[in-house]
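*Asks:* sequence below, structure please.
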Amino acid sequence: MHGELCRLGYRVGASTVWTILKGAGVDPAPTRSALTWRQFLRAQAEGVLRWTSCTVDTVLLRLYVLFAVEVATRRVHVLGVTAYPVGEWVAR
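*Replies:* Residues are numbered from 1 along each chain as shown. Below is the predicted model of the structure:
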């Protein structure tokens with residue numbers, strides 16, 4: 001946190017930041033959380049969607065497919081298919 005404040009142009013001592021965080025009950029980062037990164041991602045996976053698109057070439061034209069994948073269940077949701085993708089289609 002001290003380094004980020006310095007990059008933003010604030011002149012503050014590292015011990016001052018430590019005193020403020022300790023007074024607020026915030027422990028140093030290594031002991032702040034008992035979760036590992038893997039456990040955190042698994043706990044959050046239920047609410048995470050992965051958005052992506054692909055193309056499907058047919059005999060007459062190329063189709064663009066926009067879909068989302070639920071990370072926890074790996075369920076795929078097709079959101080749209082078009083031969084002519086424009087900004088409004090993707091934003092919809």
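*Asks:* which stretches of this protein have low pLDDT?
*Replies:* Low-confidence regions of the chain, defined by pLDDT under 70, span residues 28-33, 92.
*Asks:* just the helices in it please.
*Replies:* 2-7, 14-23, 29-32, 37-44, 87-91 (DSSP state H).
*Asks:* residues near Ala14, how many?
*Replies:* 12 (other CB atoms under 10 Å). Where C-beta positions appear, they are placed from N, C-alpha and C, glycine not excepted.
*Asks:* does it really touch Cys6, like I thought?
*Replies:* No - the criterion here is CB atoms under 8 Å, and Ala14 misses it with Cys6 at 9.3 Å.
*Asks:* ok so, going back, which one of the helices of the chain lies closest to Thr55?
*Replies:* helix 87-91 (13.7 Å; CB to CB).
*Asks:* got the contact list for Ala45?
*Replies:* Val71, Ala72 (CB atoms under 8 Å, 6 or more residues apart in numbering).
*Asks:* tell me how far it lies from Val90.
*Replies:* Distance, Ala45 to Val90, using CB to CB, to the nearest Å: 25 Å.
*Asks:* cool, and Leu79?
*Replies:* Distance check for Leu79 against Val90: by CB to CB, it reads 9 Å.
*Asks:* which neighbours do the two share?
*Replies:* Common contacts of Leu79 and Val90 (CB under 8 Å, 6+ apart): Leu66.
*Asks:* relative to Leu21, how far out is Leu8?
*Replies:* Using CB to CB, one obtains 17 Å as the distance from Leu8 to Leu21.
*Asks:* which residues does stretch 56-69 contact?
*Replies:* Stretch 56-69 is contacted by residues 49-55, 75-83, 85, 89-90 when judged by CB under 8 Å, 6+ apart.
*Asks:* kindly export it (C-alpha atoms) in CSV.
*Replies:* Provided in CSV are the C-alpha atoms of stretch 56-69 (Å, rounded to 0.1, in the frame of the first residue of the first chain):
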residue,chain,number,x,y,z
VAL,A,56,-19.0,-21.4,-38.0
ASP,A,57,-18.3,-21.7,-41.8
THR,A,58,-21.2,-23.0,-43.8
VAL,A,59,-21.5,-23.6,-47.5
LEU,A,60,-22.9,-20.2,-48.3
LEU,A,61,-21.7,-17.9,-45.5
ARG,A,62,-19.9,-17.5,-42.2
LEU,A,63,-21.9,-17.4,-39.0
TYR,A,64,-20.7,-15.6,-35.9
VAL,A,65,-21.8,-17.1,-32.5
LEU,A,66,-21.6,-15.3,-29.2
PHE,A,67,-21.9,-17.5,-26.1
ALA,A,68,-21.2,-17.6,-22.4
VAL,A,69,-19.9,-20.6,-20.3
